[in-house]
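Visitor: the following block contains a protein sequence and its predicted model.
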Amino acid sequence: MNPRLSVLGICLTMVQHDLPESTEAAAALRQLLPAEMMFQTQIPRDGLFVRASARGLPAGALAEGAAAQKIFQSLRAEIETKLNPNGNFQPRPF
């Protein structure tokens, strides 16, 4: 419908590493889709996100949110690299 639309990548979310079905589904998607389409960063399913949302805060703002903040920083870095592989990414103002 929009010929100018392009997909930067696919980020797996709600991944539960302790649930075999979840890790199997993630692995199957990684095998099915081109590697360059998949972000390496995965967002886990975590009650922290529910608690943060209930408080109207980003997960990284909570005392126990340091790990979540690192995950999203990793995703941000991947996005920046894909947007400008030369390493001189300049965010555009909204």
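Guide: Received it, and whenever you're ready, just let me know what you need.
Visitor: helices or strands up against the helix or strand encompassing Arg76?
Guide: Using DSSP states H and E, Arg76 sits in helix 66-83. With contacts taken as 3 or more Cβ pairs under 8 Å, 6 or more residues apart in numbering; DSSP states H and E, helix 66-83 sits against strand 43-44, helix 47-55. Every C-beta, even on glycine, is put in place using the N, C-alpha and C of the backbone.
Visitor: out of these, deepest packed?
Guide: strand 43-44 (a mean of 18; mean count of other Cβ atoms under 10 Å).
Visitor: each with direction, which strands does it pair with?
Guide: Strands flanking strand 43-44 in the sheet, each with its direction: strand 13-15 (parallel) (DSSP bridges).
Visitor: so which bits of the strand it pairs with are buried?
Guide: Val15 (16 or more other Cβ atoms under 10 Å).
Visitor: numbering from 30 from now on, please.
Guide: Taking 30 as the first residue, the last one we looked at is strand 42-44.
Visitor: contacts for that strand, please.
Guide: Identification of contacts with strand 42-44 by Cβ atoms under 8 Å, 6 or more residues apart in numbering yields Ser51, Thr52, Ala55, Gln71, Ile72, Pro73, Arg74.
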